[in-house]
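Undergrad: sequence? don't have it. structure:
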C-alpha cells in the first residue's frame, strides 16, 4: 500500500507521517476495504477552487476533495486538502491545526470507503468516526 504526500506551493508540512499513514491504513481496513494507493495533495484556496470548478462543476471553497479511483474493494484515490481552509477552520473551531488536518485527511478517506455527508445524519455519522480516529491518533 502506498500513501504518498505532495505539497503544492504550501509551506505546511505534516509531522508524524509514519503514524498518520498507519492510521489511514487502519481506517480503510476497519471498513473491510483493502488499501491500494492514496495520494494526499496539500494545496491552497486558489488551486482547490479551480479543481472544484473544473471537475465537480461547483463554485465554492471547500477544505477537501476526494477523487475515487477504487477498484471493487481496493481503495485508491487522490485527496486534495486545502491548507488555507483548514487553517481558517482550526481557528474558527478553536482546534489545533494538526488535528484539523488529520480530521480532513480521515474525512477524505471515509468518502473513498463509501461514506457521504449530504444529510445531517450522514454528517453526524462521519463526524463521530472522525472523532474516534482522531482520538486514536492523539493517544499514540
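TA: Here it is on my side, so go on. Note that the structure is a prediction, hence the values are computed from the model and not measured.
Undergrad: make it CA atoms for all contacts and neighbour counts henceforth
TA: OK.
Undergrad: Do me a favour and get the end-to-end distance for stretch 85-98?
TA: One end of stretch 85-98 sits 13 Å from the other (Cα to Cα, to the nearest Å).
Undergrad: Tell me which residues are up against that stretch.
TA: Stretch 85-98 is contacted by residues 14, 44-45, 61-63, 100-101, 104 when judged by Cα atoms under 8 Å, 6 or more residues apart in numbering.
Undergrad: Pull out the buried members of those.
TA: Buried members of the contacts of stretch 85-98, counted by 16 or more other Cα atoms under 10 Å: 44-45, 61-63, 100-101, 104.
Undergrad: Make CSV from these and add distance to residue 34 to it.
TA: Conversion of those to CSV gives the following (distance: Cα to Cα, whole Å):
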residue, distance to residue 34
44, 30
45, 31
61, 31
62, 27
63, 25
100, 25
101, 23
104, 20
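Undergrad: from the contacts of stretch 85-98, which two are the most distant?
TA: 14 and 61 (22.0 Å; Cα to Cα).
Undergrad: Helix or strand: which one has residue 81?
TA: With secondary structure defined by DSSP states H and E, residue 81 is part of strand 74-82.
Undergrad: center of this protein, which residue is that?
TA: For the chain, the residue nearest the mean C-alpha position is residue 105 (2.3 Å; Cα atoms, centre = their mean).
Undergrad: The helix or strand of the chain with the lowest mean pLDDT packs against which elements?
TA: Ranked by mean pLDDT, DSSP states H and E, the weakest helix or strand in the chain is helix 45-56, scoring a mean of 93. Judged by 3 or more Cα pairs under 8 Å, 6 or more residues apart in numbering; DSSP states H and E, helix 45-56 is in contact with strand 74-82, helix 83-92.
Undergrad: looking at the ones you listed, which is buried most?
TA: strand 74-82 (a mean of 23; mean count of other Cα atoms under 10 Å).
Undergrad: I'd like the average pLDDT over it.
TA: Throughout strand 74-82, pLDDT has a mean value of 98.
Undergrad: which secondary structure elements does it contact?
TA: Applying 3+ Cα pairs under 8 Å, 6+ apart, one finds that strand 74-82 makes contact with strand 34-43, helix 45-56, strand 64-68, helix 97-112.
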